[in-house]
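> Starting from these lines, generate the structure:
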Amino acid sequence: MGMWQKMTAGLTAGLVTMLIMPVAMAQSPERIGVLYAVHGGAGTWSNQSSFDSAAGIFSYDENSVPWNLLWQPAQWGNFLNQPSAKFQGAKYEFQYPRLGGVDPFDDLTAVQLADMTTSLQTLVDFAPLFGIDADVEVFTDRMSWISTNPADMPNPRWVYYPQGIWGLAGAPNMTYCGSASDGGPWPGCDPERFNVDGAIDRMLDNDVDRIIVVDTTTTGVRFFKTFDQITVAQKVVDDYNTANGTSVTIEWVNDPTEIMAESYPLDTVGPFNYRWTASAGAPSMDVSVPLAGRPNPFVEDPILGAVVAYGMRDKVRGDIPVSKQAVVLMNHHVRQHQQYFDPKIDDTLILNQNVRAAIKSWFPEMDENNIMGAWFGRKTVNPANGQYERSREMRGEALGDAFLYETNEVLPSGLDGWLYWDALEELKSRGIEHIIIVFPQIVTSSVLSLVEVHNEIAKEIGYKTWYPWYTGTMDFDNYPTEGHPFADYWQPGAQTMCRLPGSSDNSVKEPCCFEMGGCMGSAQPYPPERQTLLTAAMATDDPHLVYDVPEYGHLGYVEANGAPDPNAPVQDQYTGTWIMWTPPDDRPGLGTYLALKVFQHLFPTP
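From the prediction side, this is the model:
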């Protein structure tokens, strides 16, 4: 029996044990809506998909500047011309072609939803055989934080109709379809695309009694992006209940005790008393609710750790000892100030440990200290100007902070306290010969896991050390034109023109140098000099933040000690290999696990 079959058999045995335990009989049949909540994104990239994704993101935060532009037609044409939008757009314009133009996320999510639906119906059908009154009718659907199909959102009309003061002021609906400034009118664009029923409306149309949300937005750890969806959904349900005299409820499998809602700051913001959001700064009326006794049953089950970790099993090299191999568990942060109510980091540490335990059960020869939890870069205070800004030392990244829930900016420590480049450097110094990258917060492949993370690792330890390149096989399944995901430099959206070295004259510029070791025939240094004035925070697209993606990486290389060799590692560069694990994607285990957790929520055992 293969390992996946053994794991599935174990899951089935656990389910049968749960089913035969006594459960209180349901008093009457119920109509149950189950929503599979995910992050969402864009299947293909275009100016319209960029705009629609941005509009969805902005709609959740009434204290942000962009939210106030959603219903101002004079501003619509400026959305994609902001420096941050141009920066992100350039990144995606590189990433999508590497995947053949299509992000696989939506298709894979559809498979996960179908698997969950089938497995859940099977559980419901067989439950009476074990004394469980599961006389329920189940309806399933998808809900996304953002999507280029607005119908996937909790309530797309939250974008379409002006909210807050803009509704009172009679502002126009969101109907933008592009203009000359952003390549419009966009082909096939429907100005009424946000004026459609969303996931919650569709569930209510089924006359459901309860709506159950189970999420893998970030593999099921509690996170503000799912909380955003729940918040918007609750408003739709409240209005529906008021209008119809009903009492439909929303329940979140991942947060059954509703600690995020209970812990949410009580501040109101501005003259219109909008609810507090993190963009408003640190709250003055925080509600401190202890995390103890407020579990996330979706994440705490060790089975999830095995479901996530399973995709690293076939990435272990058979030609070198397992003791010479290692795993880096890379994860994203929460935004600044979200830690006041968001236990994402705490949940992630539990998930990390369960992933680590699964790996150790399969590969006991691997040193647990070589299964390292690591985080991306964050903004820091520049002592030269006092600005809280991006920095080259933090790899130009600004993904928030890994602050633990309800702490005064306390970061994880120990085995899960690394920054990813420091973890890679440490493993290199330990003589590790093969490194597997696992992203526990991801269950579905997308441009993030397939392109972005690959480049972030390659800039540190090289692209010729990527195992498919090392073996000469490449990977034309995922990267049909190039066979690999690597850029010449990272980030692709950076400015490419620099002032003359040592000059402050912006009127004279020349191409920056983005090549480790220097650019032949150019006086421009590598790394490029800072182009942002020191009186301002570092610009997102400042060339100073750009890293070459070299053959054997930056770690262990010192320019003063000689030129890099494109055909072999020099100095103390990494001499081993690395590879990315495969997320659960369309393996049946994830859909089965989703169904199990929903069933356990519906029919809890004593």
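> and the closest residue to Ala127 other than its chain neighbours, how many neighbours does it have?
The shortest distance from Ala127 to any non-neighbouring residue, by Cβ to Cβ, 6 or more residues apart in numbering, is to Ala134 (3.6 Å). The C-beta positions use only the backbone N, C-alpha and C, and glycine is treated the same way. Ala134: 21 surrounding residues under other Cβ atoms under 10 Å.
> swap in the one 3 residues further on?
By other Cβ under 10 Å, 14 other residues sit near Glu137.
> Ile32 is in contact with that one, correct?
Yes: using Cβ atoms under 8 Å, Glu137 is in contact with Ile32, at 7.0 Å.
> quick one, what contacts the residue nearest to Ala127?
26, 123-124, 127-128, 602-603 (Cβ atoms under 8 Å, 6 or more residues apart in numbering).
> How is it classified with respect to secondary structure?
coil (DSSP: H, G, I helix; E, B strand; the rest coil).
> Phi and psi next, for it.
The phi/psi pair for Ala134 (degrees, to the nearest 10) reads phi -110, psi 50.
> What sits closest to Gln524 if chain neighbours are left out?
Using Cβ to Cβ, 6+ apart, the closest residue to Gln524 is Cys513 (4.0 Å).
> how near is that neighbour to Asp572?
Going from Cys513 to Asp572 by Cβ to Cβ, to the nearest Å gives 23 Å.
> ditto for Asn254
43 Å.
> Looking at the two, which one has more neighbours?
Neighbour totals were compared for Asn254 and Asp572, and Asn254 leads with 26 against 14 (other Cβ under 10 Å).
> which residues touch stretch 420-438?
So stretch 420-438 is contacted by 308-309, 311-312, 315-317, 320, 324-330, 355, 370, 372, 374-376, 395, 418, 453, 456-457, 460-461, 467, 555-556, 572, 574-581 (Cβ under 8 Å, 6+ apart).
> Is it possible to mark the buried ones in these?
308-309, 311-312, 315-317, 324-330, 355, 370, 372, 374-376, 395, 418, 453, 456-457, 460-461, 467, 555-556, 574, 576-581 (16 or more other Cβ atoms under 10 Å).
> Let me see the contact set for the closest residue in space to Thr246 that isn't next to it in sequence.
Among residues not flanking Thr246 along the chain, Tyr240 sits closest, at 6.8 Å (Cβ to Cβ, 6+ apart). Neighbouring residues of Tyr240 by Cβ under 8 Å, 6+ apart: 204, 246, 248.
> Just the buried residues of the contacts of Ala134.
123-124, 127, 602-603.
> Looking at those, which is nearest Phe87?
Within the buried ones among the contacts of Ala134, proximity to Phe87 (Cβ to Cβ) peaks at Leu602, which comes in at 44.5 Å.
> quick one: contacts for that closest one?
With Cβ under 8 Å, 6+ apart, Leu602 has these contacts: 32, 134, 136, 212.
> Pop out the phi and psi values for it.
phi -70, psi -40.
> cool, Cys498 as well?
According to degrees, to the nearest 10, Cys498 has phi -120, psi 150.
> Skipping adjacent residues, who's closest to it in space?
Cys512 (4.0 Å).
> What of Asp197?
Ala151 (6.6 Å).
> That neighbour is in contact with Val196, isn't it?
Yes: applying Cβ under 8 Å, one finds Ala151 in contact with Val196, separated by 5.1 Å.
> Could you list the low-confidence segments of the stretch 151-300 of the chain?
Within the stretch 151-300 of the chain, no range satisfies pLDDT under 70.
> What segments of it are helices?
157-160, 164-168, 199-205, 224-244, 259-262, 297-300 (DSSP state H, counting those that start in this stretch).
> Can you say which of those helices is nearest to Ala55?
The closest of those to Ala55 is helix 157-160. By Cβ to Cβ, the value is 5.4 Å.
> what does the closest one rub up against?
Contacts of helix 157-160 (Cβ under 8 Å, 6+ apart): 55-56, 59, 70, 150, 153, 173-175, 192, 194-196, 198, 232.
> what do you get if the cut-off is 6 Å, keeping everything else the same?
Residues outside helix 157-160 that contact it (Cβ atoms under 6 Å, 6 or more residues apart in numbering) are 55, 59, 173-174, 194-195, 232.
> got the CA coordinates for that helix in CSV?
Backbone C-alpha positions of helix 157-160 (Å, rounded to 0.1, in the frame of the first residue of the first chain) are rendered in CSV as follows:
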residue,chain,number,x,y,z
ARG,A,157,-22.5,44.8,-5.1
TRP,A,158,-20.4,46.1,-2.1
VAL,A,159,-18.1,47.3,-4.9
TYR,A,160,-20.9,48.3,-7.4
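> Going forward, count from 42.
Sure, I'll start numbering at 42, so the last one becomes helix 198-201.
> buried ones in it?
198-201.
> just stretch 471-482 next, same as before
Result for stretch 471-482 [16+ other Cβ under 10 Å]: buried residues 473-482.
> With Ser288 as the reference, measure out to the residue lying closest to Glu292 once chain neighbours are set aside.
Spatial nearest neighbour of Glu292, excluding adjacent residues (Cβ to Cβ, 6+ apart): Ile253 at 5.3 Å. To Ser288, Ile253 is 15 Å away according to Cβ to Cβ.
> Give me the more crowded residue out of those two.
Ile253 (23 against 9).
> Which residues are in contact with the more buried one?
Applying Cβ under 6 Å, 6+ apart, the residues contacting Ile253 are 75, 292, 639.
> Mind checking which of the residues you listed are in strands?
The strands, defined by DSSP state E, take in 75, 292 from those.
> all strands in the stretch 442-591 of the chain, in order from the N-terminus.
With DSSP state E, counting those that start in this stretch as the criterion, the stretch 442-591 of the chain has strands at 459-460, 475-479, 530-531, 538-540, 550-552, 588-589.
> who touches Glu303 in this structure?
Counted by Cβ under 6 Å, 6+ apart, Glu303 has contacts Val330.
> cool, and Gln380?
444, 446.
> And for Pro70?
Taking Cβ under 6 Å, 6+ apart as the test, what Pro70 contacts is Asp176.
> Swap in 7 Å and give it another go.
Residues in contact with Pro70 (Cβ atoms under 7 Å, 6 or more residues apart in numbering) are 176-177.
> do the same with Asp308
Applying Cβ under 7 Å, 6+ apart, the residues near Asp308 are 317, 324-326.
> now do Pro552
Pro552 neighbours (Cβ under 7 Å, 6+ apart): 537-538.
> ok, and the helix or strand in this protein with the lowest average confidence?
helix 44-60 (a mean of 44; mean pLDDT, DSSP states H and E).
> What is the neighbour count of Asp518?
8.
> Phe555 now?
Phe555: 22 neighbours (other Cβ under 10 Å).
> Now tabulate the helices of the stretch 192-341 of the chain in JSON lines and tack on distance to Phe404.
Listed next are the helices of the stretch 192-341 of the chain as JSON lines, based on distance: least, Cβ to Cβ, whole Å:
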{"stretch": "helix 198-201", "distance to Phe404": "47"}
{"stretch": "helix 205-209", "distance to Phe404": "54"}
{"stretch": "helix 240-246", "distance to Phe404": "40"}
{"stretch": "helix 265-285", "distance to Phe404": "32"}
{"stretch": "helix 300-303", "distance to Phe404": "35"}
{"stretch": "helix 338-341", "distance to Phe404": "23"}
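> of those, which approaches Leu574 most closely?
helix 265-285 (33.0 Å).
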